[in-house]
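**Student:** mind folding the following:
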Amino acid sequence: MVVAVVGATGLVGRKMIQVLEERNFPLTELRLFASERSKGKLINYKNQDIEVEVLDENSFLGVNVALFSSGSDSSKVFAPIAAKSNCFVIDNSSAWRMDKSVPLVVPEVNPHHLNNESKIIANPNCSTIQLMVALKPIHTKYKIKRVICSTYQSITGAGQSGLDKLNAELNDNDLNSDTHRIAFNTMFHQFDDNSFTVEENKMINESKKILDDPNFNMAVTCVRLPIIGGHAESVNFTTELPFDLDTLKNELNNFDGLEVLDDIKNNNYPTPSIVNDKDGVFVGRLRIDETEVNSAYMWIVSDNLRKGAATNAVQIAEKLLEKGFIS
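**Tutor:** Predicted coordinates:
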C-alpha cells in the first residue's frame, strides 16, 4: 500500500507521519509532498529518510491513500486529481467539509458515512471532533436538545504560523506587535459575515452534518489562548430524557475514544498539558445543572494536533481498511 502525506513539513503533516509510525499503519511506501520551498528536505520515518517532493498532476498515480494538510486552496486543486487516480483523500482543511457529496467523519461517531464511491473524505474541525466524541453517547441515549459550548483553544490550532506568532511575541517581548496579540492575551478567530467567527460557524454546521441532525441546537463561542498542547471546551447540555450522573459517567467511559478524569477530591481533571501527545478525548467536571431540567456540565480536552487532526485522519484510513475499501 502506498500512502502520501501532503503538507508533510507543517505541524499537522509532521504529526500525521508520527501517528502513521506509532500506529504501524500497514503501508509499503510513504511519499511526502510539500511546497516548492521544502523540496528536497528529508523527513525520517521508521529510521528511513524520505525526500520531500513537490505536487504535480501525476503525483497520485499508484497512491492508495493521501492524507492532506496543506490548506484549502491546495486541497481544492489536488484532491480531485488524486480522486481521479482512484486514491482516497482524507483532507484536514475546510475545503470539502460542507460539500454534500463528501463524508465528514469522526470514526467513533459516524463511520457509516464512509463508502467506496466518495474518494474525498473530510476531517472535521479540531474542536468539532472532540465535542462530537463526547456528545455522541449522550445524544444516542438521551437525545440532546441544546448545547452551549465555549472553547479554550491552543494557538497551535492556527498551525505553524500561530506558533511562530506566539514565540515571536514571547522572545521579542514586543507585546504591541499586533493589534490582537496572543502572548499573555486571548483572541478570537477570523470573523465571518454573520458576526460569528469562522470557527464558530464550522462547529455549528459540522456538528449537524456529522450527527445527521439538521435541527441540532448549539450555541458556541470560540477563543484562542497562548497555550500549546490541546483544546479545552466548557459544555452545558440539556437532554429530552432524564439521566443520573453515575450512569452518564459510565456511558462516557465505555464509549470508544473517551476517558473520564473526574476525581475532584484528588484534584484530578483533564488539562491541555495532561492530554498533550495523547490520542483520546478526556472528560471531567461532570456535574448536574440545577437551573434546568435534564441538564449538566462537562469539561472536554483533547490534543488538537492528534485527535483533532492527525490521529483522526489516520483512524479514517484504518476504517477504510477495516471496511475493505482499500487493501
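**Student:** biggest strand in this structure, by residue count?
**Tutor:** Looking across the chain with DSSP state E, the single longest strand is strand 144-154.
**Student:** check contacts around Asp99.
**Tutor:** 120, 122 (C-beta atoms under 8 Å, 6 or more residues apart in numbering). For every residue, glycine as well, the C-beta is placed using N, CA and C.
**Student:** check the gap between it and Ile120 for me.
**Tutor:** From Asp99 across to Ile120, the span is 8 Å (C-beta to C-beta, to the nearest Å).
**Student:** could you do Gly71 as well?
**Tutor:** 15 Å.
**Student:** so which of these two has more stuff around it?
**Tutor:** Set Gly71 next to Ile120 and count neighbours by other C-beta atoms under 10 Å: Ile120 wins out with 22 against 17.
**Student:** I'd like the next helix or strand past the longest strand of the chain.
**Tutor:** For strand 144-154, the succeeding helix or strand toward the C-terminus, using DSSP states H and E, is helix 159-172.
**Student:** for the helix or strand following that next one, give me every contacting residue.
**Tutor:** Once helix 159-172 ends, the next helix or strand along the chain (criterion: DSSP H and E) is helix 198-211. Helix 198-211 is contacted by residues 94, 97-98, 104-106, 109-110, 124-125, 127-128, 131-132, 135-136, 139, 149, 151, 153, 189-192, 194, 196, 214-216, 218, 220-222 when judged by C-beta under 8 Å, 6+ apart.
**Student:** give me the distance from helix 198-211 to the chain's centre.
**Tutor:** 12 Å (C-alpha atoms, centre = their mean, to the nearest Å).
**Student:** what is the orientation angle of it with strand 144-154?
**Tutor:** Relative orientation of helix 198-211 and strand 144-154, computed by axes from the mean of the first three to the mean of the last three C-alpha atoms, to 10 degrees: 140 degrees.
**Student:** so for helix 198-211, mean pLDDT?
**Tutor:** Throughout helix 198-211, pLDDT has a mean value of 97.
**Student:** in it, what counts as buried?
**Tutor:** By 16 or more other C-beta atoms under 10 Å, the buried positions in helix 198-211 come out as 199-211.
**Student:** Thr239 touches Ile144, doesn't it?
**Tutor:** Yes - with contact defined as C-beta atoms under 8 Å, Thr239 counts as touching Ile144 (5.5 Å).
**Student:** ok, those two, which is more surrounded?
**Tutor:** Using other C-beta under 10 Å, the more surrounded residue of Thr239 and Ile144 is Ile144, with 22 against 19.
**Student:** list the residues that contact that one.
**Tutor:** 135, 138, 216, 237-240.
**Student:** looking at those residues, which one is closest to Asp246?
**Tutor:** Ile138 (14.2 Å; C-beta to C-beta).
**Student:** name the helix or strand for that closest one, please.
**Tutor:** Here Ile138 is assigned to helix 126-142, by DSSP H and E.
**Student:** distance from that helix to the middle of the chain?
**Tutor:** Counting by C-alpha atoms, centre = their mean, helix 126-142 comes out at 13 Å from the chain centroid.
**Student:** can you check stretch 65-77 too?
**Tutor:** Centre-to-centre, stretch 65-77 and its host chain are 15 Å apart (C-alpha atoms, centre = their mean).
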